[in-house]
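1. Below is the sequence, then the predicted model.
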Amino acid sequence: DVQLQASGGGLVQPGGSLRLSCTASGLRFEDFDLGWIRQFPGKELEVVACTQKRNRNTFYSDSVKGRFTASRDDAKNTLYLQMNSLKPEDTAVYYCAAGDSTVWSYWGQGTQVTVSS
């Protein structure tokens, strides 16, 4: 049974930072591309970061480039998202996912990030 668990969300003021973590059981992160995907209050989804299994290259959406950093520790089966300079428009539910970058086969349960003063 595959389970992904995201954690680390919360309420933060604009300009603040948060670090999200994602752990998994039932699969090996090293076999997958890994991503952070967020869902806005209006339900729109955005892939904010994708780290490839093949070469560990990481790609970011334009909206977070330069502010967010995704990293993976395959030995610990853990994915991270360091979020700096947070803005109110970053408010969303953040999901971790595993797949092949075009199809995200496995999703975590999501963690809420709220950026507000």
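-> Cool, got the structure. Since this is a predicted model, take the numbers as computed values, not measurements. Residues are numbered from 1 along each chain as shown.
2. what mean pLDDT does stretch 26-43 have?
-> Averaged across stretch 26-43, pLDDT comes to 94.
3. Show me what counts as buried in it.
-> Residues of stretch 26-43 classed as buried by neighbour count (16 or more other Cβ atoms under 10 Å): 27, 29, 32-38. The way it works is simple: take the backbone N, C-alpha and C, and place the C-beta from them, glycine included.
4. ok, these vs P14, which is closest?
-> P14 lies nearest to R38 out of the buried residues of stretch 26-43, by Cβ to Cβ, at 16.8 Å.
5. Which SSE is immediately downstream of the helix or strand the closest one falls within?
-> Assigned by DSSP states H and E, R38 falls within strand 33-39. Later in the chain than strand 33-39, the nearest helix or strand by DSSP H and E is strand 45-51.
6. outside of that following strand, which residues touch it?
-> Residues outside strand 45-51 that contact it (Cβ atoms under 8 Å, 6 or more residues apart in numbering) are 33-40, 57-61, 63-64, 68, 70-72, 79, 81, 92, 94, 101.
7. gap between the strand holding R38 and the chain center?
-> Computed by Cα atoms, centre = their mean, to the nearest Å, the chain-centroid distance of strand 33-39 equals 5 Å.
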